[in-house]
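Participant: show me how the following folds:
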Amino acid sequence: MITALLLLAAAEPSAAAPAIAPAIAARVDRILTRTPVIDGHNDLPWEIREHGDAKPEAVPLAQGTAALPYPMQTDIPRLRKGHVGAQFWSVWIPADTTGPAAVETTLEEIDIVRRMVAANPSTFELATTAADVRRIQKAGRIASLIGVEGGHQIDGRLSVLRQYRALGVGYMTLTHGKSLAWADSSTDAPRANGLSAFGRQVVTEMNRIGMIVDLAHVSDATMRAALAVTIAPVIASHSSARALADAPRNIPDDLLAAIGINGGVVMVNCYPAFLSTQWRAWDQARSAYAKSVGVPGNAYGNKAAGPLIAWDAAHPEPRVTSATVADHVDHIAKVAGVDHVGLGGDFDGIQGTGPADMKGVDGYPTLFAELVRRGWSDADLAKLAGGNILRVMERVEAVAKGMAGTPVNDATDIASR
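Facilitator: From the prediction side, this is the model:
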C-alpha cells in the first residue's frame, strides 16, 4: 500500500488500450471465464476508509466509482470486466501505527472488508480456503479473501496472529515499509538481520494455523530466512523482478528460483515504479522537484499542484504498459517456473498510477492478450490466472492439517518492538 490522494486518472478505463484482435479477445475471454483471475493484493479497504468515510455500504461499488471525487481503481463493474474471480483484500495500516493501536486499526480494516462483502451479497462472498474459492467462483460470485500487510499489525503477539486467522485472514506480509525487531523490511535499515528467534516462531505458527507467509516488502535476508524455516509454500503477494526493474521491493533471480523450489508463487505488481527503472528514476526526480518547491509529490495528472503539472509537461512520463507487466511475468516464469508466477496488482494502493493500458482491475484481459501474442498456452495462462495460487492455498492447508497436534505457541516479542 502506498498511501496518497487517489487520482482522477484512476478512473481512466483500461479500454483505452489498443484494440485486441477478435480471435485473441475471444480466447482470453474463454480462458478467464473458465479460470478467473485470483488477484493477490488490493488496497480498496483503505481507500474506503480514507475516501468513503470507512462506510463501505455508502460507496457505489455496484454502480462504479468514476463519478466520485476520488475515483477508485476497483469496483464491481471493473472486477467483472477484468474477469477477477477472487481477490485478496489487503487490510493495510501505516507502518508507523504500532502497539495496541495497530491491532485496533487492523480490526477496523477487517470490519470494512466484511461489511463490504455483506453489502454486496450477490457479488462477494468471504472465502478462507481453496475449496471456498472454487465453490464461490462456480456460483458466479467473487471470492473475497483477506491479507494483513505487515507484521507490526500483530503487536508482537502470536495470540493476535491466531485471532486474525479466526477472522478469516489468509496471509500476513512479514513486514511493510519499516523493519521490525523480528523481521527486516526491504526499504529500511535492518534490525533482525533476517529473522529473529521470534520471527522464526511467527513463520512456524503461520504454518501451523494455515496462514500463508507473504514475502512482499521483506529484505532479501528476511526472505532467505523465512524460506529456510517454512515447511509450507510462500507467496510474494505483490512483487516483481529486480533483474528488470532495480527496486528493493523486487525479487532477485536467486530468490525467485528459491521461491520456485519452495513451491511458492510470486504475484506480479502493477506499480510502474516496480515495473520500470526509467519510470522509477523519473518519479524520484519528480518527487525531488516537488520537495524543492514545497508541494506534495504524490499526486499525478490534474490532481497535481501547478508546479508539478508544468514539470510533467517538460519531463514526459516514461511509458509503462501491459507489455512491461508481461516482461516481468515472462521473466519470473523463466527463472522460478511457470507454476510459480501469479498476479497481485496492488490497485488502489499505487496512487492511481499503473500501466497506461491497465489503470485498474479491469485491465487483466489486456495483459492476457499480450501473453497470448507471446505464445503462452491456455494451460499456462490458467496457472497464471489462478491455478498456481490455488495450489499454494491447498498445500498450506495440508501442512496445517499435518501440524494439528503441534502445541499452541504463546511466545511474544513485546519488549523489543
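
Participant: can you pull the contacts of residue 232?
Facilitator: 206-207, 212-213, 395-396, 399-400 (CB atoms under 8 Å, 6 or more residues apart in numbering). In this view, the C-beta of every residue, glycine as well, is placed from N, C-alpha and C.

Participant: contacts made by the helix or strand where residue 381 lies with the rest, please.
Facilitator: Using DSSP states H and E, residue 381 maps to helix 378-382. Residues outside helix 378-382 that contact it (CB under 8 Å, 6+ apart): 27, 31, 34-35, 333, 338, 368, 371-372.

Participant: report the buried residues of it.
Facilitator: With burial defined by 16 or more other CB atoms under 10 Å, the residues of helix 378-382 counted as buried are 380-382.

Participant: got it, and stretch 327-336?
Facilitator: Result for stretch 327-336 [16+ other CB under 10 Å]: buried residues 327-333, 335-336.

Participant: now it: average pLDDT?
Facilitator: Taken as a whole, stretch 327-336 has a mean pLDDT of 98.

Participant: so what touches that stretch?
Facilitator: Everything outside stretch 327-336 that qualifies as a contact, by CB under 8 Å, 6+ apart, is 240-241, 243-245, 253, 256-257, 259-260, 266, 268, 275, 340-341, 343, 367, 371, 374, 380, 384.

Participant: among the residues you listed, which ones are in helices?
Facilitator: Secondary structure from DSSP state H places 253, 256-257, 259-260, 275, 367, 371, 380 of the contacts of stretch 327-336 in helices.

Participant: most neighbours among those residues, which one?
Facilitator: The residue in these with the most neighbours, by other CB atoms under 10 Å, is residue 367 (30 neighbours).

Participant: for burial, what's the neighbour tally of the residue lying closest to that residue once chain neighbours are set aside?
Facilitator: Sequence neighbours aside, residue 322 is the residue nearest to residue 367 in space, at 4.6 Å (criterion: CB to CB, 6 or more residues apart in numbering). Per other CB under 10 Å, the neighbour tally for residue 322 reads 26.

Participant: same deal with residue 326?
Facilitator: 21.

Participant: let me know whether it touches residue 367 as I believe.
Facilitator: Yes: using CB atoms under 8 Å, residue 326 makes contact with residue 367 at a distance of 6.2 Å.

Participant: quick check: mean pLDDT across the helix or strand hosting residue 30?
Facilitator: Following DSSP H and E, one finds residue 30 within helix 22-34. If you average the pLDDT over helix 22-34, you get 98.

Participant: which parts of it are buried?
Facilitator: Using 16+ other CB under 10 Å as the test for burial, helix 22-34 gives 25, 27-28, 31-32.

Participant: can you pull out the residues in contact with whichever helix or strand comes after it?
Facilitator: Next along the chain after helix 22-34, taking DSSP H and E as the criterion, comes strand 37-42. Outside strand 37-42, the residues within contact range by CB under 8 Å, 6+ apart are 74, 82-90, 133, 143, 147, 149, 216, 235, 237-238, 265, 267, 269, 342-349, 361, 364, 385-386, 389-390.

Participant: again, but for stretch 181-191
Facilitator: Stretch 181-191 has contacts (CB under 8 Å, 6+ apart) with 95, 151, 156, 174-180, 192-196, 198-199, 202, 217-222, 248-249, 413, 416-417.

Participant: again, but for stretch 240-260
Facilitator: 186-187, 215-217, 219-220, 223-224, 227, 234, 236, 239, 265-266, 268-269, 273-277, 280, 327-328, 331-332, 335-337, 339-340.

Participant: give me that answer again for 7 Å
Facilitator: With contact meaning CB atoms under 7 Å, 6 or more residues apart in numbering, stretch 240-260 is reached by 186-187, 217, 220, 223, 227, 234, 236, 239, 266, 268-269, 273-277, 280, 327-328, 331-332, 335-337, 340.

Participant: what comes up buried for it?
Facilitator: Using 16+ other CB under 10 Å as the burial criterion, the residues of stretch 240-260 that qualify are 240-242, 244-245, 247, 249-251, 255-256, 258-260.

Participant: can you tell me the element the residue lying closest to residue 141 once chain neighbours are set aside falls in?
Facilitator: Nearest in space to residue 141, with sequence neighbours left out and distances taken as CB to CB, 6+ apart, is residue 125 at 5.0 Å. Assigned by DSSP H and E, residue 125 belongs to strand 124-126.

Participant: summarise which helices and strands the next helix or strand after that strand is packed against.
Facilitator: Next in sequence after strand 124-126, counting helices and strands by DSSP H and E, comes helix 130-138. Counting contacts by 3 or more CB pairs under 7 Å, 6 or more residues apart in numbering; DSSP states H and E, helix 130-138 is packed against strand 84-90, strand 142-148, helix 388-402.
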